[in-house]
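Engineer: Mind folding the following:
(chains A, B, C and D)
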Protein chains: 4
Amino acid sequence: MVFNQNSKTIGIGLIGSGFMGKAHALAFRSVGGVFPVFAQPRLEILADRTAEMADIAAIALGFARSTADWQALVSDPAVDVVSITTPNSQHAPMALAALAAGKHVYCEKPLSTSLQDAKAMRDAAQRAGLVTVVGFNYLRNPMIHTIRDIIEHGEIGDIIGFTGHYVAGFMGQREGSYSWRMHPDEAGGALADIGSHLISMSRFLLGDITEVIASLDTIYPTRTSADGQEHTVDIDDQVAILARYRNRPFTATLDISWIATGREMGLSFEITGTKGAVKFTQERLNEVQIFKANQPSNRSGFTTLTAGPAYSPYGAFCPGPGHQLGFNDLKTIEVKGLIDAIEGTAPSPTSFAEAFETAVVMEAVKHSSVERRWVQVSDFS
Amino acid sequence: MVFNQNSKTIGIGLIGSGFMGKAHALAFRSVGGVFPVFAQPRLEILADRTAEMADIAAIALGFARSTADWQALVSDPAVDVVSITTPNSQHAPMALAALAAGKHVYCEKPLSTSLQDAKAMRDAAQRAGLVTVVGFNYLRNPMIHTIRDIIEHGEIGDIIGFTGHYVAGFMGQREGSYSWRMHPDEAGGALADIGSHLISMSRFLLGDITEVIASLDTIYPTRTSADGQEHTVDIDDQVAILARYRNRPFTATLDISWIATGREMGLSFEITGTKGAVKFTQERLNEVQIFKANQPSNRSGFTTLTAGPAYSPYGAFCPGPGHQLGFNDLKTIEVKGLIDAIEGTAPSPTSFAEAFETAVVMEAVKHSSVERRWVQVSDFS
Amino acid sequence: MVFNQNSKTIGIGLIGSGFMGKAHALAFRSVGGVFPVFAQPRLEILADRTAEMADIAAIALGFARSTADWQALVSDPAVDVVSITTPNSQHAPMALAALAAGKHVYCEKPLSTSLQDAKAMRDAAQRAGLVTVVGFNYLRNPMIHTIRDIIEHGEIGDIIGFTGHYVAGFMGQREGSYSWRMHPDEAGGALADIGSHLISMSRFLLGDITEVIASLDTIYPTRTSADGQEHTVDIDDQVAILARYRNRPFTATLDISWIATGREMGLSFEITGTKGAVKFTQERLNEVQIFKANQPSNRSGFTTLTAGPAYSPYGAFCPGPGHQLGFNDLKTIEVKGLIDAIEGTAPSPTSFAEAFETAVVMEAVKHSSVERRWVQVSDFS
Amino acid sequence: MVFNQNSKTIGIGLIGSGFMGKAHALAFRSVGGVFPVFAQPRLEILADRTAEMADIAAIALGFARSTADWQALVSDPAVDVVSITTPNSQHAPMALAALAAGKHVYCEKPLSTSLQDAKAMRDAAQRAGLVTVVGFNYLRNPMIHTIRDIIEHGEIGDIIGFTGHYVAGFMGQREGSYSWRMHPDEAGGALADIGSHLISMSRFLLGDITEVIASLDTIYPTRTSADGQEHTVDIDDQVAILARYRNRPFTATLDISWIATGREMGLSFEITGTKGAVKFTQERLNEVQIFKANQPSNRSGFTTLTAGPAYSPYGAFCPGPGHQLGFNDLKTIEVKGLIDAIEGTAPSPTSFAEAFETAVVMEAVKHSSVERRWVQVSDFS
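Structural biologist: Numbers count the residues shown, from 1 in each chain, chains lettered A, B, ... in the order given. Predicted coordinates:
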């Protein structure tokens, strides 16, 4: 039998082709083979900073066309979804243009570099009635969904503790590290870049943060660029936060650093409940440690759960337990969520509205550091 | 700019659509986005046991056509590569037919269910001058290549010890587990199914095995099928092996079990050298433990290496260290090796000739168990 | 040859015979066999709440005499060292009496239940010119001394991060857990009981804490006693702290909980430097994880150091590496420090003066929680 | 109240004061404080090779007298127990003399350097009706007893797999390592020195070994002594064994090496049952990993048990869970067993009779290597 594979497709326009651009492309290529989807992604146009860069990336990633004009991409009738993987400061104009053009938007985190932009994006998404997905890919891990289930079903009782970390060392070299990331207007520091993942993770698991006090520390007040020139830097390298959650009795600690020597992907947390506890680290994304209090004292301890078909949707990738998912698989699950949301069979995994709430927390965190006091998150929403 | 993506393609014919069939399809879909390849795979035909199964699988995995007639697939002029992911006993006839039809062959392990078949496959491949790749995917892990580099460059001195395991629990239930796998002629037991991975891994790292003594144990001499009927089983559930390697001074131990309760993907080993040691387990495929003897005594210990761009070709998947590769990524690397071999820029990652050598070792292992004596591997090659 | 073992001895008077009383006694019994000491401890008198309890404990632990009158013990001429292992509220009167009687004092932590008492104890010790040692036994671990060496010798560069935890679950049961510990005047909550260990550990490694903001949370505002009666509790079950250290550029997070379900001995920390990092957990007290930045990128990672003779004074216990020290061995090392300080060959491992500084930090922590603001530690010293 | 501590004592005569001599002494000093015992050990005489060595050691370890004449020690009326911690070849004459003198004997492993000697020791012990204990201290770990309980109570079903290792690197340097240990008549190689621990451990857990085939490998056929001279060595550095157990359906693999670079205390094993599995390594002697098959598939995994008061007799050392036992504590438990056996309230933890059975297995292992065939253990008993 001969199939017309293209009977139903979704046209993808990808802006940017770096780390996340490639990750989006790979996920769009894979998703229809891993999961049943109502429509296959069609890699339509790739936009990059120059025509040459766009050409090269489009060929490498398998897009049919390329352009140096992202606005042309956004308004192209063959494009149904605009994927935005550009520097953070460009998220807002691109996403707003895409929504205005009636396109669904799949945007990398953080939503934007200012809270106003984030609000504008949220509002535009709401008005447009289109699907928006923000790339909080770590939330897509089946083991993270398992942890949320464990919490929601009361398996570890009432939650009485959370300590979370996102520590990594990729900005740990003072020499040669100065770049656009160092401009607060362009990107933001550790808080925006990786702290947003930790905050959205904790929201996903525990709900609203209501109150924070934090210290944003610039450990390297100067950095040199690749050409050896010294630059003043006034963004945060590290952030230490105390946080309170709605209707939760405890005070959480959150640590964020992008200069944490030796750590590569240190998104980790421990959650304590009255009847158990859970530990997770992204460096072993296929594992969860769980303790349940109702065991006999001489047979009790933390149990290591390992990703397998018992943890949906792992089985779509591989029927064998313990074979392990990788980072790109999380992106594929994210794209599956995007396609389902377009089909209307499930809500967006992380919409602009949800990502805005994370942005609000980050704003409160920043204010609490400058003002050196406890700050209500609701003051910024 | 508009690209003709299909300027150069390789037509893929896939036989089988189970665990490995899907894994092959996903790798063919991804490879051109992950790596630069001289030609893109084109998912041409999928064959399965019935037309209906083939239809469903072809749609799910993105093949253009489907068939219940694998011989038609093999001789189809649009097919350049035949992927064989059927039960072990069918590998030989399919591979021989494909080679006879002038097709490259990508075949799952073990090569066959008899040594004669394996030899015939090896010889046919050699005569045909076509590319053959056998799915020893665990060898494709960049961390495994790192271990081989460590050994070959003498970083841990001369090798003086190897202990290897492939223990998993997927056949650990006596009840309901009887199936075609239980016929020695159809599939083989633990030795063929997973032991072949361990033997090929040890060959990859340490070279030829020259002498073995083993015990193949049938722990469950009867099993019931899904319908509750009792069946006699005479294949090996577990294998314990002592092995000697060419020009190596030690005796290795190899443990193989498919009834190892609680273990999911327990392919693991420790290698000891005169100046260091290495530990690996597939359950944490992104990690290697390495010890080097030349450290000060109060700063020495095993160091955990974590997969990242420093370990090629990890960087093709993701520029961020610690983000982790998954099982399907190993298959993508394998398919990259297949395509490079077709292009002629690299040898096959694991050819029929190499897989035959693994089959020879397995034959010697079986004989040593029956005859309860040390057996020379060369007696079977 | 016949020896007079008692040519030089130190008379020990032990008050209390619970967890810590026994630990003191075991350390006094062992120390002279493990280490060369200028004088052997002589187990002279044991005091407990009743004569009967004292009798039983004295026999069990090997003391020559017993008493229900701790004041008699303190003034007994055969006693050179008074060991205090009673509830926290009794530390001050007993220690002050012992110092007044001219005895050296070995007191369990925390120093006292009020800052005034702590100050009085420090001042009395200073005036008396006697040796005081406070039982911060975790600092005695050779691996902890190794970490301090690593920091002090700049092996991991300048310190730019500390995150510390002392989480344990021993007060995690609301039912039946009400006891004298629950009175703030008697004992203090999690901060005093275990937080004091974490604070003294961080002081030992990083120096003075200058500024804190914290939240002391009472998760169980009522608990029942063994007889089922409900009691109101107003001490802290958990404490979350942000802390700044003198001349250090970062903000640390400290987590303290005695209701952390599933954790048994969760005193752990990570220290980040510009050129490396260190991780430690008391649950594996014989191990340290260390990362150094000056490794080649494809051979770099955290190295597990394991306690052995290379880490003094491990070798006094056992010449074989990897054999492991236990908790009681840490106490033996502490008593060795006590004896050396009495001999005058080394300073006290943790004197009342040092323990007072920890008490000052705890006071600042408490105020910062009540006043919900950053507090200067120097305001309380 | 004043106690006569010496109302009931046991006189100890210790021969040897190296690693194990000190370990015995420390255990004798501690045992009466840790445990209730019917009689306190009294450190009566220490014998060493020279009078001077004996003097120094007796003072350091707290013995009342010293001697260079072990035969005088053995016949001393104040000595009730003779502790033998000398080179292996001296175990037999000393133990036989002690038994002949009517003394209980506490002897380090292995029992002797020849099977005849071992048999003579066993027979003499039986005839004398005295208590004999052999220092298989690793069996004294409460976590090991827990594992035996787990096996015996069927918690993990029928046992279907065992793989054990004792790998350590202490003889890994060819240069300067030649010593008396290298004479087969004096000590034996890796098999005798550490393999005896592994074999006795597996016997303790699984019962009789009935059949073996092994390879004893001499990796360094020459070694140099401290003075730089080259010596031929013909003892085993490594041993690889296949073993069968009475009434057990599987073939075990056992790996032994004293040249395993980087391993310090690698006595470890995995045991598989039809309904679960257990993992243990002496390098984390306070932990056991256990898997039970009767868990829901998405909440199942290996659970880490941690030593605590729930695992008797941990609580005698420390009431707090997770505080950790050390190596010397295992010796204290062993001495408690010795004292109880003398009192008659419990059998010897590991008698000469039991140690003889381990020696028989070692003999069979050696023969199987020389003769390159499967050997029945019963041929040597």
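Engineer: For residue A:25, which non-adjacent residue is closest in space?
Structural biologist: residue A:61 (3.9 Å; Cβ to Cβ, 6 or more residues apart in numbering or on different chains). No exception for glycine: its C-beta is placed from N, CA and C like everyone else's.
Engineer: no, scratch that, I was asking about residue A:94
Structural biologist: Once flanking residues are discounted, residue A:94 sits nearest to residue A:84: 4.9 Å by Cβ to Cβ, 6+ apart.
Engineer: Neighbours of that neighbour, how many?
Structural biologist: Using other Cβ atoms under 10 Å in any protein chain shown, the number of residues around residue A:84 comes to 28.
Engineer: so what's the residue positioned nearest the centre of chain A up against?
Structural biologist: Among the residues of chain A, the one closest to the centroid is residue A:136, at 1.9 Å (Cα atoms, centre = their mean). By Cβ atoms under 8 Å, 6 or more residues apart in numbering or on different chains, the contact set of residue A:136 is A:109, A:196, A:197, A:200, A:201, A:204, A:349, A:350, A:355.
Engineer: can I see the domain layout of chain A?
Structural biologist: A:9-137, A:142-284+A:286-325+A:356-371 (automatic domain parsing).
Engineer: can I get those in a markdown table with distance to residue C:168?
Structural biologist: Output for the domains of chain A, formatted as a markdown table (distance: least, Cβ to Cβ, whole Å):
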| stretch | distance to residue C:168 |
| --- | --- |
| domain A:9-137 | 33 |
| domain A:142-284+A:286-325+A:356-371 | 11 |
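Engineer: Rebuild those as a markdown table, extending it with mean pLDDT.
Structural biologist: Output for the domains of chain A, formatted as a markdown table (pLDDT from 0 to 100):
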| stretch | mean pLDDT |
| --- | --- |
| domain A:9-137 | 97 |
| domain A:142-284+A:286-325+A:356-371 | 96 |
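Engineer: Could you pull up phi and psi at residue A:272?
Structural biologist: Backbone torsions of residue A:272, given as degrees, to the nearest 10, read phi -110, psi 130.
Engineer: thinking again about what came up before, tell me what the residue nearest to residue A:94 is bridged to.
Structural biologist: Following DSSP bridges, residue A:84 is listed with bridge partners residue A:15, residue A:107.
Engineer: isn't it right up against residue A:97?
Structural biologist: No: judged on Cβ atoms under 8 Å, residue A:84 makes no contact with residue A:97 at a distance of 9.9 Å.
Engineer: Most neighbours among the contacts of residue A:136, which one?
Structural biologist: Result: residue A:355 is most packed of the contacts of residue A:136 (other Cβ under 10 Å), 29 neighbours.
Engineer: Mind exporting the C-alpha coordinates of the host helix or strand of that residue to PDB?
Structural biologist: Using DSSP states H and E, residue A:355 sits in helix A:352-371. Extracted as PDB, the C-alpha positions of helix A:352-371 are listed here (Å, rounded to 0.1, in the frame of the first residue of the first chain):
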ATOM      1  CA  PHE A 352       2.500  32.000  27.800                       C
ATOM      2  CA  ALA A 353       0.100  32.500  30.700                       C
ATOM      3  CA  GLU A 354       2.000  30.000  32.900                       C
ATOM      4  CA  ALA A 355       5.400  31.300  31.800                       C
ATOM      5  CA  PHE A 356       4.200  34.800  32.800                       C
ATOM      6  CA  GLU A 357       3.600  33.600  36.300                       C
ATOM      7  CA  THR A 358       7.200  32.400  36.400                       C
ATOM      8  CA  ALA A 359       8.300  35.800  35.100                       C
ATOM      9  CA  VAL A 360       6.300  37.500  37.900                       C
ATOM     10  CA  VAL A 361       8.200  35.400  40.500                       C
ATOM     11  CA  MET A 362      11.500  36.400  39.000                       C
ATOM     12  CA  GLU A 363      10.500  40.000  39.200                       C
ATOM     13  CA  ALA A 364       9.700  39.700  42.800                       C
ATOM     14  CA  VAL A 365      13.000  37.900  43.400                       C
ATOM     15  CA  LYS A 366      14.900  40.800  41.900                       C
ATOM     16  CA  HIS A 367      13.000  43.400  43.900                       C
ATOM     17  CA  SER A 368      13.600  41.500  47.100                       C
ATOM     18  CA  SER A 369      17.300  41.500  46.500                       C
ATOM     19  CA  VAL A 370      17.500  45.200  45.700                       C
ATOM     20  CA  GLU A 371      15.300  46.200  48.500                       C
END
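Engineer: in that helix, what's buried?
Structural biologist: Using 16 or more other Cβ atoms under 10 Å in any protein chain shown as the test for burial, helix A:352-371 gives A:352, A:354-369.
Engineer: Could I get the full set of helices for the stretch 101-250 of chain A?
Structural biologist: Under the criterion DSSP state H, counting those that start in this stretch, the stretch 101-250 of chain A contains helices at A:115-128, A:142-152, A:190, A:196-206.
Engineer: of these, which approaches residue B:132 most closely?
Structural biologist: Smallest distance to residue B:132 across the helices of the stretch 101-250 of chain A (Cβ to Cβ): 35.7 Å, for helix A:142-152.
Engineer: With only the CA atoms kept, save the closest one in PDB.
Structural biologist: The C-alpha trace of helix A:142-152 is given here as PDB (Å, rounded to 0.1, in the frame of the first residue of the first chain):
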ATOM      1  CA  PRO A 142       7.900  11.400  32.600                       C
ATOM      2  CA  MET A 143       9.700  11.100  36.000                       C
ATOM      3  CA  ILE A 144       8.800  14.700  36.800                       C
ATOM      4  CA  HIS A 145       5.200  13.900  36.000                       C
ATOM      5  CA  THR A 146       5.500  10.900  38.300                       C
ATOM      6  CA  ILE A 147       6.700  13.200  41.100                       C
ATOM      7  CA  ARG A 148       3.800  15.500  40.500                       C
ATOM      8  CA  ASP A 149       1.400  12.500  40.700                       C
ATOM      9  CA  ILE A 150       3.100  11.300  43.900                       C
ATOM     10  CA  ILE A 151       2.500  14.800  45.400                       C
ATOM     11  CA  GLU A 152      -1.000  15.200  44.200                       C
END
